[in-house]
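Peer 1: I need the structure of the sequence given here:
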Amino acid sequence: MAVAYLFLDGPGCDDGGSGSDSGSGSDSGSDSGSDSGSDSGSVSVSGNRGDSEAECYTPATMTGEVGMRRLATTLAVLLLGGFAATTAAQTPTHVMVVNDDGIDSPGLAALAAILAADPAYRVTVVAPAEQQSGVGHAVVIRREIALARHADIGGATAWSVDATPASVTVVGLTVVLADDPPDLVVSGINKGENLGRAAWYSGTLGAAREAALRGIPAIAMSLELDWSDPRPDWQAAARLAKPVVDAVTRRPLPEGVLLNVNFPRDTTAARGYRVTRLGLAPDAVSGYAVDREEGGVRWLTSRWAPPAGDEAGTDIAAISAGWIPLTPLQLDQTAFTAIAGLLELEPELPAAAGE
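Peer 2: Prediction:
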C-alpha cells in the first residue's frame, strides 16, 4: 500500500498502465506499482465523475498545481515516501486525541495507544464524558462544563469533559492545554463511518472542524460498520490510522483544511489510500418514525441507513471498492460558482416608513 490512488481532474502523463476505474464505483483494473512489491514513484490518477481513463503522474509532474491537486499531491508524496514517523531525536509531536463516542470508547483507546507507543508522539486525550454521536458542531454555552482528570488511556494522559465534541476541543485547547498547545488534533476513531452527507451531522467532524477553525491541523477518523452485525476491529483500524497521522505530521495540511478519513469495515482487505471528494448521494433511509403513543404524546426514534452507492471519485464509492478515502474538507463554505448569478438578484431596500 505504498501508492496513493487519487480522484482528480486535469492532464497528466499517460504511462499506458491498466490501473483504471470503470466509473461504477468498483475498480476493475490492475494497480501498477502498488501490489507488485515495487514502487515506480508514480501515482495512478483516475478522472473525476466517472472518467474511465487512468493516467500516470509522477510527483514532479504534479508540482506547482493548485487547489485540490496540490493537496492530493502532498498526501500522495507523503504516502509514497513510506510511513515512518519523525525520528525520536526530534521533539515529539504533541497530538490531542478527541472523539464523539465518549472517553470510554475502544476506538479512542486504540488510537491513543498506537500513537503513544511511538516516541515520535506525545499524546493527550480530551474526550466527552458520555456518548455524543450525531451532535454535529453543537457547542455548550448556557451551562457550566465539568472537567475532570481521567485514568490514563493507552499510556496517554486523559481528561473527561461534560460537553459536546466541539466544545471538548475548545476546552482542550483553551484550558487543559492552554500552556502546552498540540501540534495536531485527531478525532476518533469513530464507531461508524462518516461519509458523504454524514459529515455535516458528525460530532467526530465537529471536534476536528473546531480545531481547524482555531488554526490547529486536524484529522477526523471513522471505521465503517456492518450495521446489521457490527464487529469493529479497533486495533486494525488504528494500524491503518497511524500512517495518515505520520504523513500529516511530516507535512501539515493546508491552512483552513481538515482531513476526513474512513476505514472500510474489512480492515484486513484495505487496498490503499485514495484522495476523494465528499459524496452527496442521499441516505437510503433518513428520518423519524413513531414508536408508540401515550397520553396524546407520540414518541419517535431515528431511522437511518447509508447510501447504496455514489459516483466514482467520492468517498462513498472509494470505500465500497475497499479503499481508505482521504477527503479534504475546507472551512470556507462559500459557493463561489453561485456568486455571479446572485449579483443579478439586485434586491432593493424597502421604502422607509411614511414614504
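Peer 1: remind me which residues of the protein are low pLDDT?
Peer 2: Scanning the chain for pLDDT under 70 picks out 1-89, 354-355.
Peer 1: how close does the residue nearest the centre of it get to residue 113?
Peer 2: Centroid-nearest residue in the chain: residue 260, 1.2 Å away (criterion: C-alpha atoms, centre = their mean). Separation of residue 260 from residue 113 (C-beta to C-beta, to the nearest Å): 22 Å. For the C-beta atoms, the positions are set from N, CA and C on the backbone; glycine is no exception.
Peer 1: how about the helices in the stretch 51-200 of the chain?
Peer 2: Along the stretch 51-200 of the chain, counting by DSSP state H, counting those that start in this stretch, helices occupy 59-62, 67-80, 106-116, 165-171, 198-201.
Peer 1: Just the strands from the stretch 251-355 of the chain, written as ranges.
Peer 2: 257-263, 273-275, 285-294, 297-305, 324-330 (DSSP state E, counting those that start in this stretch).
Peer 1: which residues sit in contact with residue 276?
Peer 2: For residue 276, the contact set (C-beta atoms under 8 Å, 6 or more residues apart in numbering) comprises 7, 313-315, 317-318, 325-327.
Peer 1: quick one: residue 251 from residue 226, how far?
Peer 2: 34 Å.
Peer 1: Next: residue 257.
Peer 2: For residue 257, the distance to residue 226 - C-beta to C-beta - is 31 Å.
Peer 1: Give me the more crowded residue out of the two.
Peer 2: Taking neighbours as other C-beta atoms under 10 Å, residue 257 and residue 226 compare with residue 257 leading, 16 against 10.
Peer 1: The residue nearest to the centre of the chain against residue 314, yeah?
Peer 2: No: counting by C-beta atoms under 8 Å, residue 260 does not reach residue 314; the two are 11.9 Å apart.
Peer 1: between these two, what contacts are shared?
Peer 2: Contact criterion C-beta under 8 Å, 6+ apart; residues shared by residue 260 and residue 314: 278, 325.
Peer 1: Let me know whether residue 217 touches residue 185 as I believe.
Peer 2: Yes: counting by C-beta under 8 Å, residue 217 does reach residue 185; the two are 7.2 Å apart.
Peer 1: what sits in contact with each of those two?
Peer 2: What both residue 217 and residue 185 touch, as defined by C-beta under 8 Å, 6+ apart, is the set residue 211.
Peer 1: and those two? which has more neighbours close in?
Peer 2: Set side by side, residue 217 and residue 185 show more neighbours around residue 185, with 27 against 21, by other C-beta under 10 Å.
Peer 1: Tell me, how many residues neighbour the nearest residue to the more buried one once chain neighbours are set aside?
Peer 2: Nearest non-adjacent residue to residue 185, counting by C-beta to C-beta, 6 or more residues apart in numbering: residue 211, 3.7 Å away. Residue 211 is flanked by 26 other residues according to other C-beta under 10 Å.
Peer 1: so when I look at residue 211, I'm seeing a strand, right?
Peer 2: No: counting by DSSP: H, G, I helix; E, B strand; the rest coil, residue 211 falls outside a strand, being helix.
Peer 1: Verify the contact between it and residue 183 for me.
Peer 2: No: counting by C-beta under 8 Å, residue 211 stays clear of residue 183, with 11.0 Å between them.
Peer 1: Give the residues shared as contacts by the two.
Peer 2: Common neighbours of residue 211 and residue 183 (C-beta under 8 Å, 6+ apart) are residue 217.
Peer 1: tally of neighbours for residue 330?
Peer 2: Neighbours of residue 330 (other C-beta under 10 Å): 15.
Peer 1: is it in a bridge, and if so with what?
Peer 2: Assessed by DSSP bridges, residue 330 has beta-bridge partners residue 257.
Peer 1: thought it was touching residue 255?
Peer 2: No: taking contacts as C-beta under 8 Å, residue 330 lies outside contact range of residue 255: 9.8 Å.
Peer 1: Quick check: the nearest residue to residue 126 once chain neighbours are set aside vs residue 266, distance?
Peer 2: Leaving aside its chain neighbours, residue 126 sits nearest to residue 172 (3.5 Å; criterion: C-beta to C-beta, 6+ apart). Using C-beta to C-beta, residue 172 is found at 33 Å from residue 266.
Peer 1: Those two: which is more packed in?
Peer 2: Higher neighbour count among residue 172 and residue 266: residue 172, with 28 against 12, using other C-beta under 10 Å.
Peer 1: Wait, that one touches residue 125, no?
Peer 2: No: with contacts counted by C-beta under 8 Å, residue 172 stays clear of residue 125, the gap being 9.1 Å.
Peer 1: Tell me the residues that contact both of the two, please.
Peer 2: 96, 98, 159.
Peer 1: got the contact list for the second one?
Peer 2: Each residue near residue 98 by C-beta under 8 Å, 6+ apart is listed here: 125-127, 165, 168-169, 172, 185-187, 207-208, 211.
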